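> Give me coordinates for this.
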Amino acid sequence: MINFHYARANDVRDAVRQIAGDPNAKFVAGGTNLIDLMKMDVERPTKVIDITRLPLKQVENTPAGGLRIGALVRNTDLAYHPLVEERYPVLASAIMAGASQQLRNMATTGGNLMQRTRCPYFYDTATACNKREPASGCSAIDGHNRGHAILGGSDACIATHPSDMCVALAMLEAKVHVSGASGDRVIAFADFHRLPGDTPQRDTNLNAGEIIIAVELPPKGFA
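Got it, this is the predicted structure:
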């Protein structure tokens, strides 16, 4: 792994301030994806900002009758939360279908949304990958691509998103609450992730320096 600076954020405003000061910095919570990518030399952040102490670990009812899930709620805690099991069982089932118990115990709601593709060419730095290195080419298109995208790909990338949880959130028409230097905003879940197009290196529509603070579920939970 490369050398990097480590810092802790005291609150959301501090987290936004720190990442705005270093465009190559990354947030870390559970670290179940970022640390692996750093070990594989795919991600090379100059600074890692620990956000695990931020007050974003609550699951709360909203005034409209939905549910607000803090970005740092662990996947296991969310899957077994009584309100989720009762009103959003599709979300609980999707979470339990992914990864292993050990990973679910560490992974967070916000981190799950920010996972990067499991495409083997993306992880292999000896191959060409437009998502990892723009304009380098896509080895998957003419390679072993059985596990790659059938719909939504492009001439630049046919990688798929790895999250089971995100499929359920898309079906539930969730909303993503984010915060940045310009203030807070809400992104419809269908608009949060991007198709590869000609910029596959951009996985989401988060602006530089923004942080996920919560995911909101609507009152009707497709129970």
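
> residue boundaries of the helices in the protein?
With helices called from DSSP state H, the chain shows them at 12-20, 34-39, 75-79, 82-87, 89-97, 101-106, 109-113, 120-123, 164-171, 189-192.

> so which of those helices comes closest to residue 182?
helix 12-20 (9.7 Å; C-beta to C-beta). Every C-beta, even on glycine, is put in place using the N, C-alpha and C of the backbone.

> returning to that earlier point: let's have the helices of the chain in TSV, adding distance to residue 55, mean pLDDT and mean neighbour count.
Converted to TSV, the helices of the chain look like this (distance: least, C-beta to C-beta, whole Å; pLDDT from 0 to 100; neighbours: other C-beta atoms under 10 Å):
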stretch	distance to residue 55	mean pLDDT	mean neighbour count
helix 12-20	8	96	18
helix 34-39	21	96	16
helix 75-79	15	98	21
helix 82-87	19	96	15
helix 89-97	22	97	18
helix 101-106	19	96	14
helix 109-113	13	98	25
helix 120-123	34	98	21
helix 164-171	22	97	19
helix 189-192	22	98	16
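
> nearest to residue 215, of those?
Closest among the helices of the chain, using C-beta to C-beta: helix 109-113, at 5.7 Å.

> elements contacting the closest one?
In terms of contacts (3 or more C-beta pairs under 8 Å, 6 or more residues apart in numbering; DSSP states H and E), helix 109-113 is packed against helix 75-79, helix 164-171, strand 211-217.

> and if we set it to 7 Å?
Packing partners of helix 109-113 (3 or more C-beta pairs under 7 Å, 6 or more residues apart in numbering; DSSP states H and E): helix 164-171, strand 211-217.

> returning to that earlier point: between the helices of the chain, which one is nearest to residue 147?
The closest of the helices of the chain to residue 147 is helix 120-123. By C-beta to C-beta, the value is 8.3 Å.
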